[in-house]
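In: Using only what follows, build the 3D model:
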Amino acid sequence: NNWLNADSIKGQGTLYDPRDPTKKHTAVVVADLGKAAADALASPEKHGGTTYKLVSPPFSLNDIADAFTSALGKKITVTTVPYDTAKEAFMGNGFPEWQVDGILELFHYIDDGSALTNEEDTGDIAKITGEKATSVTEWTKQVA
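Out: Take a look at the predicted model:
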């Protein structure tokens, strides 16, 4: 979730994260999930027995920074912090430790280039909705 970085992006021109900023991963925009779910629920006969991988095109933290640079008209960078520092920051923002541990485990998968966080087939949202999944560039334009 990139919302936790909103203040540092706007105020300090950086996003803090423990992950390698060059590692790509596939996430998803919540609005895309909603559209896909609504379409699938409206026509269950088309989707029964099918497993979908609902992800956006792959992107890195550097890609996010570049997209915010373009959307905000000012340079945004990535500041890599140690995993322990990230854990303290998450918990300081009210996240329970079990959830932070899960988030950091996911971040480690991204750093390791795991297939779990890098789906090769990113077209399932379009198969369901008829619309391409939102890219990181499009998303930053919407939220900047």
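In: Would you mind listing the buried residues in stretch 41-55?
Out: H47, L54, V55 (16 or more other Cβ atoms under 10 Å). The way it works is simple: take the backbone N, C-alpha and C, and place the C-beta from them, glycine included.
In: now, among those residues, which is nearest to I125?
Out: L54 (5.7 Å; Cβ to Cβ).
In: can you pull the contacts of the closest one?
Out: V28, D32, L33, A36, D124, I125, A133 (Cβ atoms under 8 Å, 6 or more residues apart in numbering).
In: isn't the fourth one right next to I125, touching?
Out: Right, the one you point to is A36. Yes - with contacts counted by Cβ atoms under 8 Å, A36 reaches I125, the gap being 5.4 Å.
In: related to what we said a few turns ago, what would the buried residues of stretch 41-55 look like in TSV with distance to L104, pLDDT and secondary structure?
Out: Rendered in TSV, the data for the buried residues of stretch 41-55 read as follows (distance: Cβ to Cβ, whole Å; pLDDT from 0 to 100; DSSP: H, G, I helix; E, B strand; the rest coil):
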residue	distance to L104	pLDDT	secondary structure
H47	33	92	helix
L54	23	95	coil
V55	20	94	coil
